[in-house]
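*Asks:* coords please:
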Amino acid sequence: MKSFKKISGVFFFIILLSIFIRVFVGEPCNVSNNSMESTIMDGDWLWINKISYGAVLPNRWSNIPLVNILTWVPGFQQKDMSNNWGYHRMKRFAHPQINDIVVFKSTEDAEVLLIKRVSKILHAGSMIYIDSINFDSYVEIINQEVRDEAHNNRIINNSYQLKNSYYFLLGDNAATSRDSRSFGYVSERNIIGKANRVLFSTGKEKNRFLKKLE
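*Replies:* Have a look, this model is predicted:
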């Protein structure tokens with residue numbers, strides 16, 4: 001009996017440690033397209049560093065690793081969809097910089113993660129200038145989130161101060177990459193971490209083991 005309790009305790013500790021690491025530290029992810037070749041290859045497994053930019057905390061049960069198994073229960077899954085604990089981020093040690101490779105939630109489908117390189121930055125606090133003629137054409141260069149922000153703030157003058165930073169993200173393989181050229185700037189809220197290392201690859205180049213990304 002004591003042996004069972006000890007094993008159960010160790011198992012429970014491992015689960016808690018795994019959840020802690022994946023939420024606050026980082027996690028592996030698999031790349032399934034060639035939009036970042038030749039820096040990142042189709043089939044590469046990357047490590048997402050969540051500490052540098054500050055880990056984004058889960059906003060519902062389904063976003064908590066391992067715990068999200070509960071959301072497989074139909075009734076619980078439906079109820080969890082209405083949960084929204086809001087946007088909260090841990091203290092960050094750095095902000096994304098130009099040429100950083102970042103992993104982020106797609107602005108078109110929050111359940112999809114994308115990986116691209118930072119090309120341009122609109123920093124929080126920056127002032128953008130708009131008028132009634134070019135409002136829509138200018139704002140769509142940023143993205144729908146800024147459009148909503150702008151309308152909610154009832155812009156009637158020709159300026160708007162950004163509350164968050166926004167990033168223009170491009171794939172290294174421009175010919176095949178769907179990126180900010182299509183969906184515009186991406187809010188810092190969507191960025192979940194920095195991709196700084198290939199763990200290993202299951203693709204055509206299997207010699208990529210613990211390769212540092214640049």
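*Asks:* can you pull out the helices in the chain?
*Replies:* 2-20, 74-80, 135-142, 144-152, 180-183 (DSSP state H).
*Asks:* What ranges does this protein have for its strands?
*Replies:* Assigned by DSSP state E, the chain shows strands spanning 26-30, 44-49, 101-105, 113-122, 127-129, 159-161, 166-170, 186-187, 191-201, 211-212.
*Asks:* export those strands to CSV and tack on mean neighbour count?
*Replies:* The C-beta positions use only the backbone N, C-alpha and C, and glycine is treated the same way. Shown next, in CSV, are the strands of the chain (neighbours: other CB atoms under 10 Å):
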stretch, mean neighbour count
strand 26-30, 17
strand 44-49, 21
strand 101-105, 21
strand 113-122, 20
strand 127-129, 12
strand 159-161, 13
strand 166-170, 24
strand 186-187, 25
strand 191-201, 20
strand 211-212, 12
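*Asks:* ok, back up a step: lowest average confidence across the helices of the chain, which one?
*Replies:* Note on these: helix 135-142 shows the lowest mean pLDDT, a mean of 52.
*Asks:* contacting residues for the residue positioned nearest the centre of the chain?
*Replies:* The centre of the chain sits closest to Phe104, judged by CA atoms, centre = their mean, with a distance of 2.3 Å. Phe104 makes contact with Leu113, Leu114, Ile115, Lys116, Leu169, Val186, Asn190, Ile191, Ile192 under the criterion CB atoms under 8 Å, 6 or more residues apart in numbering.
*Asks:* Val31 versus the fourth one, what's the distance?
*Replies:* Same thing as Lys116. 11 Å (CB to CB, to the nearest Å).
*Asks:* how deep is the residue lying closest to Ile64 once chain neighbours are set aside tucked in, by neighbour count?
*Replies:* In space, and not counting its chain neighbours, Ile64 is closest to Pro58: 4.7 Å by CB to CB, 6 or more residues apart in numbering. Pro58 has 17 neighbours, counted by other CB atoms under 10 Å.
*Asks:* Lowest mean pLDDT among the helices and strands, pick that one out for this protein.
*Replies:* Within the chain, confidence by mean pLDDT, DSSP states H and E is lowest for helix 135-142 among all helices and strands, at a mean of 52.
*Asks:* Return the distance of stretch 28-47 from the chain's centre.
*Replies:* Remark: stretch 28-47 is offset 15 Å from the chain centroid, using CA atoms, centre = their mean, to the nearest Å.
*Asks:* Averaged pLDDT, it. What do you get?
*Replies:* pLDDT averaged over stretch 28-47 gives 91.
*Asks:* what about that stretch, how long is it end to end?
*Replies:* 5 Å (CA to CA, to the nearest Å).
*Asks:* for stretch 72-91, same thing?
*Replies:* Start-to-end, stretch 72-91 (CA to CA) is 32 Å.
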